[in-house]
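Enquirer: Any chance you could fold what I've pasted below:
(one chain, ligands or ions: 1)
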Amino acid sequence: MFSLFRLLGCVGLLSIASIVSYAQSFSLEAVKSYPFPADLTAAAKGSRIAWTINEQGKRNIYVAEGPSYTPRKITPYSKDDGQELTSVTLSADGQWVVYVRGGEHGANWDEHLGVNVDGLPFAPKVEIWAIPFKGGEPKRLSEGDYPVLSPNGKTVAFLKGGQPWSVPVNGSEPAKMLFSTRGTTHSLEWSPDGSQLVFVSNRGDHSLIGIYTNAQTPLRWLAPSFAHDRSPRWSPNGNNLVFVRTPGTGGAPDSVLVRKHRPWSIWRVNVASGKATQLWQAPRTLAGSVPATNGGFNLHWAAQNRIVFLSYQDGWPHLYSMPSTGGTPLLLTPGAFTTEHIRLSPDRQWLTFSVNVGSDPQDLDRRHVARVPVDKAEMEVLTPGNGLEWTPVVTGDGTSLALISATAQRPPLPAVMPFGKGIPTLLGESLIPANFPQRSLVTPKQVIYQTPDGFTVHAQLFEPTGGPAQKPAIIYVHGGPMRQMLLGWNYSDYYANAYATNQYLASLGFAVLSVNYRLGIGYGFEFHQPAGANTSGAAEYIDIKAAGDWLAKQSFVDKSRIGIYGGSYGGYLTAMALAKDSNLFAAGVDIHGVHDWTTDRTLSITAPDRYERAPDADLVGKIAWESSPTAYINTWTSPVLIIHGDDDRNVRFNQSTDLVRRLEAKGVDLETLIIVNDTHHWMKHANSLKVGNATAAYFRKKLLEKTKAGAGE
Ligand SMILES: CC(=O)N[C@@H](C)C(=O)N[C@@H](C)C(=O)O
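Expert: Model prediction:
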């Protein structure tokens with residue numbers, strides 16, 4: 001005879017079984033087996049293109065050329081060894097591919113230190129390599145980074161130890177230091193005729209623009225000042241340069257809590273005379289500040305003697321164009337949308353870029369490819385629809401546009417289309433593994449909700465198919481925070497990984513809501529740089545709490561089983577949610593999060609090394625503490641899994657060690673996972689799988705376990 005207890009037990013088991021059985025149609029390994037493309041580039045002449053592909057941690061370079069654009073792998077790397085490929089560059093004639101192997105270029109510090117995810121006796125170095133486009137053995141040119149190929153394709157200039165070096169592209173001679181100067185040298189750029197190199201010498205409180213000619217000629221300094229001069233760009237004839245000037249470091253300490261205009265201006269300098277004139281001063285408004293979106297100033301000297309650049313001044317990251325003699329800039333891309341991944345075509349006539357606008361009303365949560373002439377506000381979206389496209393590059397012969405294309409189901413792939421009108425043709429579709437569960441992936445639904453303080457927040461809902469009427473739910477919080485999750489695969493490898501995890505969690509039966517909280521990009525300046533956010537009050541947490549409240553009101557959600565997870569800044573907001581609202585968030589996974597802003601190095605104002613202090617220095621520390629999860633440990637009751645790589649170069653490992661100690665002292669239900677020798681970006685694919693599987697297992701245990709416990713009551 002069935003007792004009530006046994007009946008409930010059976011019901012409970014059935015509901016667990018129904019969640020597990022109806023949903024689990026693929027593994028995390030399968031959904032993370034996509035070949036991730038990046039670093040798309042084109043030769044300055046002809047039709048040759050190159051890109052990187054990360055296949056389950058095995059990173060290689062592929063090339064193709066018109067008219068067939070048949071992809072061809074030219075590098076031999078066959079291990080999931082954590083060695084990233086960056087600075088992929090084609091020589092102007094397309095004969096050579098130069099690249100950097102190693103390092104952690106997404107880091108906030110130590111990006112030039114080798115990554116040693118396999119615990120080798122000595123960490124691999126950051127090295128510059130070259131390989132013929134037609135194929136062959138890669139040649140190790142030198143230890144170093146940020147290579148730039150001379151216009152004739154014969155010489156590679158690069159940086160090593162903060163100084164400029166050079167080496168023949170064919171490795172026929174050893175690398176040699178070009179010159180040594182005070183400060184740290186960066187932003188190397190060859191003159192159009194290859195006779196000179198312009199560079200920036202950062203000297204701490206000021207930065208200078210210098211010209212190197214040859215070993216016999218003294219370095220020349222152009223328009224030296226008490227400012228930070230940066231982003232030098234050559235005119236097509238090599239007689240002039242345009243650059244950005246921002247104030248030097250100094251002056252009375254400013255308030256930290258009051259948002260201020262961060263000034264910048266565009267200057268032109270004659271290389272021969274060194275005479276400089278200011279062409280344009282950014283509007284002295286908050287939105288007119290130094291732009292903090294992809295590519296920063298995106299300064300270029302374009303055709304028709306136009307200077308093109310990006311400014312946020314009208315509330316959106318837009319492209320502008322002005323005469324190289326100065327004047328009122330022309331807004332090239334008017335409208336309520338964001339431009340990213342900006343490139344100047346080889347003939348300097350066009351700007352190509354990604355936008356979150358198009359023919360579909362939901363395009364604010366997508367990316368498409370667009371172009372605009374450098375002298376007319378006649379923008380065209382070239383890839384409208386409900387797919388996602390990004391990082392367009394015009395081929396050297398001007399006939400084709402290479403880009404990366406994805407959908408909600410199909411992972412990113414390179415593609416080529418006629419430059420102007422046409423449909424992208426995918427390259428390398430066969431690289432998608434046969435067991436990749438493309439047909440099992442859901443199409444995220446656009447969710448838009450209002451916060452109590454009047455912000456409009458976009459989110460993407462991954463709804464599992466079938467299963468019980470009321471499901472467990474999980475909020476995903478992206479990092480950055482200047483990021484945006486999309487209605488499909490993401491252009492960032494870190495967030496493509498997150499998108500795959502969210503699809504996997506949905507396949508397990510969780511309703512997943514990925515939240516684009518304020519401080520993120522894609523929704524305009526006021527959303528991207530709101531008042532009272534981050535260490536000034538964590539206003540962005542309002543959006544996360546509102547997401548939890550939104551889920552709790554949904555008929556398809558069991559509001560007693562709402563989890564939350566995120567990485568980095570997303571880990572920070574996950575910890576804030578569990579610390580402040582454990583009654584709403586039943587469990588969480590905090591991946592390399594920030595937990596105590598007062599120990600964050602950017603807040604030196606609270607421990608100044610000078611007598612003068614900011615007017616609000618005392619308040620800064622108090623508000624930074626109140627913006628930190630560690631301030632609310634006393635109200636933290638929900639279980640949490642804390643994960644951190646101990647070679648993290650974006651968020652200090654101690655942020656998690658400190659939190660673990662506090663939670664242990666309080667007796668919170670705590671689990672931990674340390675990934676030894678990996679960084680913030682899971683350079684080893686196997687580690688990314690370990691983290692993803694641990695996250696999913698934890699939510700199955702904590703949220704489904706509640707069901708089992710409930711069933712047994
Ligand atoms: C800039 C930076 O390092 N931010 C971290 C706190 C972070 O969120 N890192 C990754 C996840 C990112 O998206 O930048």
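Enquirer: what does this protein have sitting close to the ligand?
Expert: Proximity of the chain to the ligand is confined to 108, 479, 480, 483, 494, 567, 568, 569, 650, 651, 680 under the rule C-beta under 6 Å from any ligand atom. (Glycine included, C-beta is placed from N, CA and C.)
Enquirer: burial measure for the second one, as a count.
Expert: When neighbours are defined as other C-beta atoms under 10 Å, residue 479 has 25 of them.
Enquirer: thinking again about what came up before, name the member of the residues of the chain next to the ligand that has the highest neighbour count.
Expert: Counting neighbours by other C-beta under 10 Å, residue 567 comes out on top of those with 32 neighbours.
Enquirer: Hmm, residue 423 is touching residue 417, no?
Expert: Yes: using C-beta atoms under 8 Å, residue 423 is in contact with residue 417, at 6.2 Å.
Enquirer: The two - which one has more neighbours?
Expert: residue 417 (20 against 9).
Enquirer: before we move on, what SS does that one have?
Expert: Following DSSP: H, G, I helix; E, B strand; the rest coil, residue 417 is assigned to strand.
Enquirer: what sits against the residue of the stretch 551-700 of the chain found nearest the ligand?
Expert: Residue nearest to the ligand within the stretch 551-700 of the chain: residue 568 (2.8 Å; C-beta to the nearest ligand atom). Taking C-beta atoms under 8 Å, 6 or more residues apart in numbering as the criterion, residue 568 is in contact with 479, 480, 591, 592, 593, 594, 650, 651, 680.
Enquirer: Check the gap between the nearest residue to it once chain neighbours are set aside and residue 138 for me.
Expert: In this structure, residue 568 finds its nearest non-sequential neighbour in residue 479, 3.3 Å apart by C-beta to C-beta, 6 or more residues apart in numbering. Relative to residue 138, residue 479 is positioned 33 Å away (C-beta to C-beta, to the nearest Å).
Enquirer: Then residue 638?
Expert: 50 Å.
Enquirer: My read is that residue 269 contacts residue 224, right?
Expert: No: contact between residue 269 and residue 224 fails when scored by C-beta under 8 Å: they sit 10.7 Å apart.
Enquirer: More neighbours: which of those two?
Expert: When residue 269 and residue 224 are compared on other C-beta under 10 Å, the one with more neighbours turns out to be residue 269, at 21 against 15.
Enquirer: which residue sits closest to the more buried one in space, ignoring its chain neighbours?
Expert: Nearest non-adjacent residue to residue 269 (C-beta to C-beta, 6+ apart): residue 276, at 4.0 Å.
Enquirer: In contact with the one you found, which residues?
Expert: Contact analysis of residue 276 by C-beta under 8 Å, 6+ apart lists 222, 223, 267, 268, 269, 270.
Enquirer: And for residue 402?
Expert: The neighbours of residue 402, taking C-beta under 8 Å, 6+ apart as the test, are 40, 42, 49, 51, 392, 393, 394, 395, 414, 415, 416.
Enquirer: What's the first helix or strand after the lowest-mean-pLDDT helix or strand in the chain?
Expert: One helix or strand of the chain scores below all others by mean pLDDT, DSSP states H and E: helix 4-23, with a mean of 44. Where DSSP states H and E defines the elements, the next helix or strand beyond helix 4-23 is helix 28-31.
Enquirer: one step back: of the contacts of residue 276, which belong to helices?
Expert: Applying DSSP state H to the contacts of residue 276, no entry is found in helices.
Enquirer: Could you pick out the buried ones from these?
Expert: Among the contacts of residue 276, those scoring as buried are 222, 223, 267, 268, 269 (criterion: 16 or more other C-beta atoms under 10 Å).
Enquirer: Format those as JSON lines; extra columns: pLDDT.
Expert: Listed next are these as JSON lines, based on pLDDT from 0 to 100:
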{"residue": "222", "pLDDT": "98"}
{"residue": "223", "pLDDT": "97"}
{"residue": "267", "pLDDT": "98"}
{"residue": "268", "pLDDT": "98"}
{"residue": "269", "pLDDT": "98"}
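Enquirer: Go through the residues you listed and name the one nearest residue 575.
Expert: Lowest distance from residue 575 to the buried ones among the contacts of residue 276 (C-beta to C-beta) belongs to residue 267, with 44.2 Å.
Enquirer: Most proximal residue of the stretch 251-400 of the chain with respect to the ligand?
Expert: For the stretch 251-400 of the chain, C-beta to the nearest ligand atom, closest residue to the ligand: residue 292, 10.7 Å.
Enquirer: Give me the nearest residue to that residue, chain neighbours excluded.
Expert: residue 482 is the one closest to residue 292 (C-beta to C-beta, 6+ apart), at 6.5 Å.
Enquirer: cool, residue 455 as well?
Expert: residue 518 (5.6 Å).
Enquirer: Who are the contact partners of the residue of the stretch 401-550 of the chain found nearest the ligand?
Expert: For the stretch 401-550 of the chain, the residue closest to the ligand is residue 479, as judged by C-beta to the nearest ligand atom, at 2.7 Å. Neighbour list for residue 479: 494, 566, 567, 568, 569, 570, 571 [criterion: C-beta under 8 Å, 6+ apart].
Enquirer: Format the residues of the chain next to the ligand as TSV; extra columns: secondary structure and pLDDT.
Expert: As requested, the residues of the chain next to the ligand are exported to TSV (DSSP: H, G, I helix; E, B strand; the rest coil; pLDDT from 0 to 100):
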residue	secondary structure	pLDDT
108	coil	94
479	coil	98
480	coil	97
483	coil	98
494	helix	98
567	strand	98
568	coil	98
569	helix	98
650	coil	97
651	coil	96
680	coil	98
